[in-house]
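In: coordinates for the following, if possible.
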Amino acid sequence: MSGLSQTKEVVIIGAGPYGLSAAAYLRSVGIEPHVIGRPMSFWKDNMPSKMLLRSKCEASNIDAPQKHLSIKGFERVARRKFTDPLPIEDFIKYGNWFQKEVAPNIESRLVRKVLRNNGTFEATLEDGEKLHAHSVILALGIGFFLTKPPEFAGISSELAPHSSEVSDLAKFKRLRVAVLGKGQSALEYAAILHENGADVIIVTRAPQLAYRPFAWRKNLFRTLTSGPLLPFSHMVFPPTDLGTIKTARVMANPEKFRRQTPEVQAQLLKDCARPVGAYWLEPRLQGVQVKTSVTVSSVEANGGRLNLFLSDGSKEQVDRVVLATGYKIDISRYGILDSVLKQEIKQTSDGYPVLQTSLETSVPGLFMTGVVGERTLGPTLRFVTGTNNAGPRLAAALAGKRKSRLQQSEGENPIHELEPAQV
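Out: So this is what the prediction gives:
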């Protein structure tokens, strides 16, 4: 495929919540995006069955200007009410339905390379076909950024997978499994492993495990201000399931977030990433062994098992280790980006892209959405709830670019681009 007559207006690479939300918003402004990806694939392939979403249903909507595309809208289609916390199986069904509504002709072939070519972008698919686009939105999720402790560098993923590399936890039945970490993923994987008959030990450097308490005041307030009072309720407590009465509105609103000092912004981001478990995990971990205030000093593979040498001088012999050791943003790990294009993208010293408030990178026409935008639009972009901050800004910027191109083709002056965000 070549030539401007065949160039797509916008290509979205990624079909998780952020890619699908962007598609919904673009369609609302008359842009038909070409969406490439396997719908909800990270949720399907990299998360365990029986997992529950930490965020409540009201914070798990894939945002769209078409309000019937909410979880409540899908409840009407499915003819049943979903529970809180929301099972991952129901969220995946919701995402698949959302995709069919906003991107029915999705392109399932994977993208192997993206580069710039004569002022447009060129995406090479896995079978060699090339697509061209005026603009590209990367909605690639968090999978590129998994981190493993250096002590496990020489250990195979079969023996010590990252938590995102294993979804079938039933296969660990009767095995001795160590889970490293203390956050939501670590504690939930430990609970599901325990419930699947594994002999589980949690290993963490923290002095104790921490759980986020049930927010009974917020839930009572939401119950008392339901119905016609719901808009007021959301003004007081935004439906993001983030923050406290003092911080929730700042976290939810990118403009308010950006007015804070860099130190306050960093603290708000840190608060949302704090490694704690949901309140409903604590009773499920009764009887699970926990080893606190220790780290893994070294690891030794021995006959299909692992010896973990811990910082307190003890040793644990296990069949498998699940590394619930989180993610670290580093867009240089986006392997689909051509090396020349990657070098043109301005980055912060710690791997985040420098983005405008529209989520456009320093490369005109190249946008990034999802967790990589949390430094620009705030901590909601770490979660599904952030789609309501990303989608409208992407649509506004891309509608503006289309208008600018039309004006240029007619000999008029282009409209101004949005100013860069302060990072």
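In: how about the helices in the stretch 51-200 of the chain?
Out: For the stretch 51-200 of the chain, the helices defined by DSSP state H, counting those that start in this stretch cover 71-78, 88-102, 184-195.
In: dump these to TSV, plus distance to residue 219, mean neighbour count and mean pLDDT.
Out: Any C-beta I mention is one placed from the backbone N, CA and C, and that applies to glycine too. Putting these into TSV (distance: least, CB to CB, whole Å; neighbours: other CB atoms under 10 Å; pLDDT from 0 to 100) gives the following:
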stretch	distance to residue 219	mean neighbour count	mean pLDDT
helix 71-78	17	16	97
helix 88-102	20	20	98
helix 184-195	19	24	98
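In: out of those, flag the one nearest residue 41.
Out: Evaluated over the helices of the stretch 51-200 of the chain, closeness to residue 41 peaks at helix 88-102, with 9.9 Å, by CB to CB.
In: so what touches the closest one?
Out: 15-17, 20, 23-24, 27, 39-40, 43-44, 47-53, 60, 62, 64, 66, 69, 71, 74, 77-78, 82, 106 (CB atoms under 8 Å, 6 or more residues apart in numbering).
In: switch to 6 Å and redo it
Out: Contact with helix 88-102 is made by 20, 23-24, 39-40, 43-44, 47, 51, 53, 62, 69, 71, 74, 82, as judged by CB atoms under 6 Å, 6 or more residues apart in numbering.
In: could you dump it to CSV, C-alpha only?
Out: Provided in CSV are the C-alpha atoms of helix 88-102 (Å, rounded to 0.1, in the frame of the first residue of the first chain):
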residue,chain,number,x,y,z
ILE,A,88,-11.6,-10.3,35.2
GLU,A,89,-13.7,-12.6,33.0
ASP,A,90,-16.6,-10.1,33.1
PHE,A,91,-14.3,-7.2,32.3
ILE,A,92,-12.9,-9.1,29.3
LYS,A,93,-16.4,-9.7,28.1
TYR,A,94,-17.2,-6.1,28.5
GLY,A,95,-14.0,-5.1,26.6
ASN,A,96,-14.8,-7.5,23.7
TRP,A,97,-18.3,-6.1,23.4
PHE,A,98,-16.9,-2.5,23.5
GLN,A,99,-14.5,-3.4,20.7
LYS,A,100,-17.3,-4.8,18.5
GLU,A,101,-19.2,-1.5,19.0
VAL,A,102,-16.3,0.9,18.2
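In: relative to helix 71-78, how tilted is it?
Out: When axes from the mean of the first three to the mean of the last three CA atoms, to 10 degrees is applied, the directions of helix 88-102 and helix 71-78 differ by 90 degrees.
In: you'd agree residue 124 is up against residue 113?
Out: Yes - taking contacts as CB atoms under 6 Å, residue 124 lies within contact range of residue 113: 4.5 Å.
In: mind listing the helices for the stretch 301-423 of the chain?
Out: 339-344, 374-377, 387-409.
In: re earlier: tell me which of the helices of the stretch 51-200 of the chain lies nearest to residue 407.
Out: The nearest among those, by CB to CB, is helix 88-102 at 28.1 Å.
In: any idea which strand is longest in this protein?
Out: Using DSSP state E to define each element, the chain has its longest strand at strand 130-138.
In: in its sheet, what does that strand sit against?
Out: Strand 130-138 pairs in its sheet with strand 8-13 (parallel), strand 120-125 (antiparallel), strand 366-368 (parallel), by DSSP bridges.
In: can you give the distance of the second one from its chain's centre?
Out: Okay, so that is strand 120-125. 24 Å (CA atoms, centre = their mean, to the nearest Å).
In: repeat that for the last one.
Out: Strand 366-368 has its C-alpha centroid displaced from the chain centroid by 16 Å (CA atoms, centre = their mean).
In: in it, what counts as buried?
Out: Buried positions in strand 366-368, judged by neighbour count with 16 or more other CB atoms under 10 Å: 366-368.
In: which residues sit against it?
Out: So strand 366-368 is contacted by 136-138, 353, 359-361 (CB under 6 Å, 6+ apart).
In: can you put those in TSV and add pLDDT, neighbour count and distance to residue 89?
Out: TSV is the format used below for these (pLDDT from 0 to 100; neighbours: other CB atoms under 10 Å; distance: CB to CB, whole Å):
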residue	pLDDT	neighbour count	distance to residue 89
136	98	28	32
137	98	29	28
138	98	26	27
353	98	25	33
359	98	30	30
360	98	25	35
361	98	23	35
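In: now residue 409: how far from residue 403?
Out: Computed with CB to CB, to the nearest Å, the distance linking residue 409 and residue 403 is 11 Å.
In: the more surrounded of the two?
Out: residue 403 (13 against 8; other CB atoms under 10 Å).
In: quick one: pLDDT of the more buried one?
Out: Residue 403 carries a pLDDT value of 92.
In: do you know how far it is from residue 375?
Out: For residue 403, the distance to residue 375 - CB to CB - is 28 Å.
In: buried residues, stretch 266-281. List them.
Out: 268-269, 272, 275-278, 280-281.
In: can I get the residues you listed in JSON lines including distance to residue 130?
Out: Output for the buried residues of stretch 266-281, formatted as JSON lines (distance: CB to CB, whole Å):
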{"residue": "268", "distance to residue 130": "42"}
{"residue": "269", "distance to residue 130": "38"}
{"residue": "272", "distance to residue 130": "39"}
{"residue": "275", "distance to residue 130": "43"}
{"residue": "276", "distance to residue 130": "46"}
{"residue": "277", "distance to residue 130": "46"}
{"residue": "278", "distance to residue 130": "45"}
{"residue": "280", "distance to residue 130": "48"}
{"residue": "281", "distance to residue 130": "47"}
